[in-house]
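> Requesting a structural model of the entry that follows:
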Amino acid sequence: MECHHCQAANPDGKRYCGECGAQLTAPSLREQIDAALNARLKDQKVVEVEVTEAIVNRLTGWAKMLAYLIGVPLVLLGSALGFLGVKTYLDFSTLSKQAASRVAEFEQMTARQDEALRKRAEGLKAGFADIEKELEQTKALSSRVESLTKEVRQIREKVGFEQSSALTPPIQKELEASIYQFQAYMERIGYRSKEGVVKVHIDPKYKSNTIYNLTDHSITLAENIMMDRHSLLYTYMMHVLQATNPSLTSSPNSTVGAVSSGLGDYFSASFLNDPRISPVLAKELSLKQPYIRTLENKRRFDDQTKESTEVHARGETWGGAFWEIRGLVGQEATDRLLFKAWTEWRVAGDSDASFARTLIGLSSSGNVVRDVFVKRGLAPGPQTKP
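Residues are numbered from 1 along each chain as shown. This is a model prediction of the structure:
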């Protein structure tokens, strides 16, 4: 018989269970219901425990996997930060701020570079525009140079260099270039040569001077100043003035000599764009100033001191007035005006004033020219046409 209490097997006829001591009488209906319920509940608890255990095991596995997935990167991140010197949150915060600051600086630097590149691009654009203009000007200049070359070739026949021990080929080439360029310049402002050949001679025995010989139309240069372009062109200008108006250069009138000296200084200075006359000669003469005369002066015509009445000193006064007019009305207008005035000048009794009146009468800026002479102590008198 089976014990209804512990389900142990007992021999038939026994009244008590040999295992648990429970009475082996047949259980009542209630006891049977209770036993069935207990067995049912026991099985249910086992199932619940097993389910719970399975859930816990699953959750534990997921937790381990999540911890692995999160933990490994964190360990790697921690190792990297440790290698960079980050050991605490404060270190990390400091590095973050430093990184942010560097990023901001980089952005500012990039912005500045962008602005610089933009400005440079604008500059290049403007530069290209200027280059295009210069190219156009170069084309025009090329045409002008070709025309000037033809002029020089026509004039070249009119100058000849005499052989001299001091005249080496390089020096002759440089002197030729200076004279040919000056000749072409004078041609442009109205000069028309009437002479066949102008001879140029370098004299090794001659010192610190130049001479223009009216008889044979020759120029003699002292060897020690032969590279002084002012002296060379001044002397050649004496030839131009004589060829253009020979009656004046043969006149004994002292004003003619002073005016021609002033014109010689002016035209060489205007061509060279340098108002300081003959720097090489000044050095050879050991002068205190680096020129023998200068056209940037305030000299007056009414200064009658002995020094101021010397022909070249008076010429410096005229040259100063001419240079001042050049600054007021422009180089080309003044160059043409002075050359035309020389060709048309007829010396009157008041010779100084007569040349001033000739300039005023020929100039489209007569009042400006008059004011220059009046300011320098020369009253031109009534304006008349030559």
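
> Ramachandran angles for the closest residue to residue 172 other than its chain neighbours?
Leaving aside its chain neighbours, residue 172 sits nearest to residue 161 (5.4 Å; criterion: Cβ to Cβ, 6 or more residues apart in numbering). (Each C-beta comes from the backbone N, C-alpha and C, glycine too.) Summarising the backbone geometry of residue 161 under the convention degrees, to the nearest 10, its torsions are phi -100, psi 130.

> Just give me the neighbour total for residue 161.
When neighbours are defined as other Cβ atoms under 10 Å, residue 161 has 17 of them.

> what's near enough to touch it?
167, 172, 175-176, 199-201 (Cβ atoms under 8 Å, 6 or more residues apart in numbering).

> Which pLDDT value goes with it?
On the pLDDT scale, residue 161 is placed at 87.

> now that we're looking at it, how far away is residue 186 from it?
Counting by Cβ to Cβ, to the nearest Å, the gap between residue 161 and residue 186 amounts to 19 Å.

> just residue 245 next, same as before
Where residue 186 is concerned, residue 245 sits at a distance of 14 Å (Cβ to Cβ).

> Which one of these two is surrounded by more residues?
Neighbours around residue 245 and residue 186, counted as other Cβ under 10 Å, are more numerous at residue 186. The numbers are 22 against 18.

> Next, that one: secondary structure please.
Following DSSP: H, G, I helix; E, B strand; the rest coil, residue 186 is assigned to helix.

> Leaving out chain neighbours, which residue sits closest to it?
For residue 186, the nearest residue in space outside its immediate sequence neighbours is residue 240; the separation is 5.9 Å by Cβ to Cβ, 6+ apart.

> and what of residue 262?
Distances taken as Cβ to Cβ, 6+ apart place residue 318 nearest to residue 262, at 2.8 Å, with adjacent residues excluded.

> again, but for residue 340
residue 362 (5.7 Å).

> One more: residue 212?
Excluding its sequence neighbours, the residue lying closest to residue 212 (Cβ to Cβ, 6+ apart) is residue 238, at 4.1 Å.

> The one you found belongs to a strand, doesn't it?
No. With the criterion set as three-state DSSP, the secondary structure at residue 238 is helix rather than a strand.

> Am I right that it is in contact with residue 217?
No. Here residue 238 does not reach residue 217: they are 10.2 Å apart, not a contact under Cβ atoms under 8 Å.

> Comparing these two, which shows the higher neighbour count?
Neighbours were counted for residue 238 and for residue 217 using other Cβ under 10 Å; residue 238 has more, 20 against 16.
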